[in-house]
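# dropping a prediction and its sequence here:
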Amino acid sequence: GQNIDQPTEMTATEGAIVQINCTYQTSGFNGLFWYQQHAGEAPTFLSYNVLDGLEEKGRFSSFLSRSKGYSYLLLKELQMKDSASYLCAVRGRNSNSGYALNFGKGTSLLVTP
Amino acid sequence: GAVVSQHPSWVICKSGTSVKIECRSLDFQATTMFWYRQFPKQSLMLMATSNEGSKATYEQGVEKDKFLINHASLTLSTLTVTSAHPEDSSFYICSAMPGGSTDTQYFGPGTRLTVL
């Protein structure tokens, strides 16, 4: 089965840096994704890690350690529009579906002035 | 870029009726589509994996006779909620994986279903 943990809520100040952690347990790990989701909207893709290390994409970076079952999403130069829910999703083997994407409960980030 | 559409974007129906939701990949062929459900302030829960030309595979606890999935072409998958009840009210989101891709899913905008 899958077990994905991330903090429920975080608050940070505009212009600051915030790190959102995600730990997971899965069978047949095949990649970790981060998505951003604004209330009432579908998720949008932020990053994908399948090998250990840091992937940088503009203000967003994502890190993966497969041996530790750990990832983080780093957001720099926070903007008010970054207030959203950030979903950690792990692709692994499901009993029925082969490989499938399973989501954590999301971290609700509030950026304050 | 890859675009996935869903129709309708929202629907209100009476208890006992059936509702069909369409998921289309507009500019790519999707051999695999996924259907998710999201209750308020909760994460996405995978309901089923839809493979073109074959039967969908359902996650544990999802009633296949209640949530009918048809993936009749490489650009269209449909989810039919049969005999809907108020507890089926939720946000239903599909995602599509381009043929040959193993790491990319593109999400539709979601369908808000309210059952009275």
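Happy to help now that I have it.
# which residues does the spatially most central residue of chain B contact?
The C-alpha lying nearest the average C-alpha coordinate of chain B belongs to B:W35 (Cα atoms, centre = their mean; 3.6 Å). Neighbouring residues of B:W35 by Cβ atoms under 8 Å, 6 or more residues apart in numbering or on different chains: B:23, B:46-48, B:50, B:67, B:69, B:77, B:79, B:92-94. Where C-beta positions appear, they are placed from N, C-alpha and C, glycine not excepted.
# now, the residues you listed that are in strands?
B:23, B:46-48, B:50, B:67, B:69, B:77, B:79, B:92-94 (DSSP state E).
# and those, which is closest to A:F63?
Distance to A:F63 across the ones in strands among the contacts of B:W35 (Cβ to Cβ) is lowest for B:L46, with 24.8 Å.
# I'd say that closest one and A:G92 touch.
No: in this structure, B:L46 is not within contact of A:G92 by Cβ atoms under 8 Å, at 11.4 Å.
# which neighbours do those two have in common?
The contact lists of B:L46 and A:G92 share A:100, A:102, where a contact means Cβ under 8 Å, 6+ apart.
# most neighbours out of the contacts of B:W35, which is it?
Ranked by neighbour count (other Cβ atoms under 10 Å in any protein chain shown), the contacts of B:W35 have B:C94 at the top, with 31 neighbours.
# skipping adjacent residues, who's closest to it in space?
B:C23 (3.5 Å; Cβ to Cβ, 6 or more residues apart in numbering or on different chains).
# contacts only, for the one you found.
B:4-6, B:33, B:35, B:76-79, B:94, B:96, B:108.
# tell me the contacts of the closest residue to B:T75 other than its chain neighbours?
Leaving aside its sequence neighbours, B:T75 sits nearest to B:S25 (Cβ to Cβ, 6+ apart; 4.9 Å). Contact analysis of B:S25 by Cβ under 8 Å, 6+ apart lists B:2-4, B:33, B:74-76, B:96, B:98, B:106.
# try it again at 7 Å.
B:4, B:75, B:96 (Cβ atoms under 7 Å, 6 or more residues apart in numbering or on different chains).
# same check, this time on B:T82
Contacts for B:T82 (Cβ under 7 Å, 6+ apart) come out as B:18, B:66, B:68.
# which of these are buried?
The neighbour-count criterion (16 or more other Cβ atoms under 10 Å in any protein chain shown) marks B:L68 among the contacts of B:T82 as buried.
# can I get the contacts of B:T82 in CSV with distance to A:S85 and pLDDT?
Below are the contacts of B:T82 laid out as CSV (distance: Cβ to Cβ, whole Å; pLDDT from 0 to 100):
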residue, distance to A:S85, pLDDT
B:S18, 31, 97
B:K66, 28, 96
B:L68, 30, 95
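# quick check: A:M80 vs chain B, distance?
According to Cβ to the nearest Cβ, to the nearest Å, A:M80 stands 21 Å off from chain B.
# please work out how many residues are found near that residue.
Using other Cβ under 10 Å, A:M80 is surrounded by 10 other residues.
# show me the contacts for it.
By Cβ under 7 Å, 6+ apart, the contact set of A:M80 is A:14, A:111.
# for it, grab phi and psi.
phi -60, psi -30 (degrees, to the nearest 10).
# try B:P86
Dihedral pair for B:P86: phi -50, psi -30, per degrees, to the nearest 10.
# list the beta-bridge partners for the residue nearest to it when sequence neighbours are not counted.
Spatial nearest neighbour of B:P86, excluding adjacent residues (Cβ to Cβ, 6+ apart): B:V115 at 4.9 Å. Per DSSP bridges, the residues bridged to B:V115 are B:C13.
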